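Undergrad: Predicted coordinates and the sequence they were generated for:
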Amino acid sequence: MDNEKVYNMKFARIYDALVKKAERKGRTKEEVDTLIRWLCGYDQQGIQELLDHDVDYKTFLMDCPAWNPDSSLIKGSICGIRVENITDPVMRRIRCLDKIVDELAKGKSLEKITNRR
């Protein structure tokens, strides 16, 4: 899939997929929301407003209130791609979110995910 197609996908669709991925492994929507708040700086109301207003994925990530500087510490592979090697800023943010939700789904604690130092 080309990047523009991914960027233009609705955040609500991606959000549902992230939540389902976590829930299949016994994790919760609230934990996914915690990761989104940590990574992007949204509060819970902000997340809900974006879901209600049908914003696209690129806008959700690039217009976030406070991208976490510790995101530069997110490393490893997701979908066969090393997160730390991605140069496109939008795709890097997409893969960072994918990676931390993947870590959650694989059983890593919220504390370990959000305290990367």
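TA: Ah, there it is.

Undergrad: Model confidence score at residue 27, please.
TA: We have a pLDDT of 98 for residue 27.

Undergrad: what's the longest helix in the chain?
TA: What stands out as the longest helix in the chain, according to DSSP state H, is helix 89-105.

Undergrad: now for that one, which elements pack on it?
TA: Applying 3 or more Cβ pairs under 8 Å, 6 or more residues apart in numbering; DSSP states H and E, we find helix 89-105 packed against helix 3-7, helix 11-24, helix 29-40, helix 57-62, strand 77-78, helix 110-114. The way it works is simple: take the backbone N, C-alpha and C, and place the C-beta from them, glycine included.

Undergrad: of all those, which lies closest to residue 71?
TA: Residue 71 sits nearest to helix 29-40 of all those, at 6.1 Å, using Cβ to Cβ.

Undergrad: Next SSE downstream of the closest one?
TA: helix 44-52 (DSSP states H and E).

Undergrad: Can you tell me what sits against that following helix?
TA: 11-12, 15, 33, 36-37, 42, 60, 65 (Cβ atoms under 8 Å, 6 or more residues apart in numbering).

Undergrad: Stretch 109-117 now?
TA: Contacts for stretch 109-117 (Cβ under 8 Å, 6+ apart): 31, 34-35, 38, 70, 73-74, 100, 103-104.

Undergrad: before we move on, the earlier item: what is the orientation angle of the longest helix of the chain with helix 11-24?
TA: 20 degrees (axes from the mean of the first three to the mean of the last three Cα atoms, to 10 degrees).

Undergrad: Just the mean pLDDT for helix 89-105, thanks.
TA: 96.

Undergrad: Could you list the buried residues of that helix?
TA: 90-105 (16 or more other Cβ atoms under 10 Å).

Undergrad: what's the answer for stretch 5-20, then?
TA: Across stretch 5-20, burial judged by 16+ other Cβ under 10 Å covers 7, 9, 11-12, 14-15, 18-19.

Undergrad: So residue 94 sits against residue 57, correct?
TA: Yes: Residue 94 is in contact with residue 57 according to Cβ atoms under 8 Å; the separation is 6.9 Å.

Undergrad: got any residues that touch both of these two?
TA: residue 6.

Undergrad: Against residue 47, how distant is the closest residue to residue 75 other than its chain neighbours?
TA: Using Cβ to Cβ, 6 or more residues apart in numbering and skipping the chain neighbours, the partner closest in space to residue 75 is residue 84 (4.7 Å). From residue 84 across to residue 47, the span is 26 Å (Cβ to Cβ, to the nearest Å).

Undergrad: Understood, closing this out.
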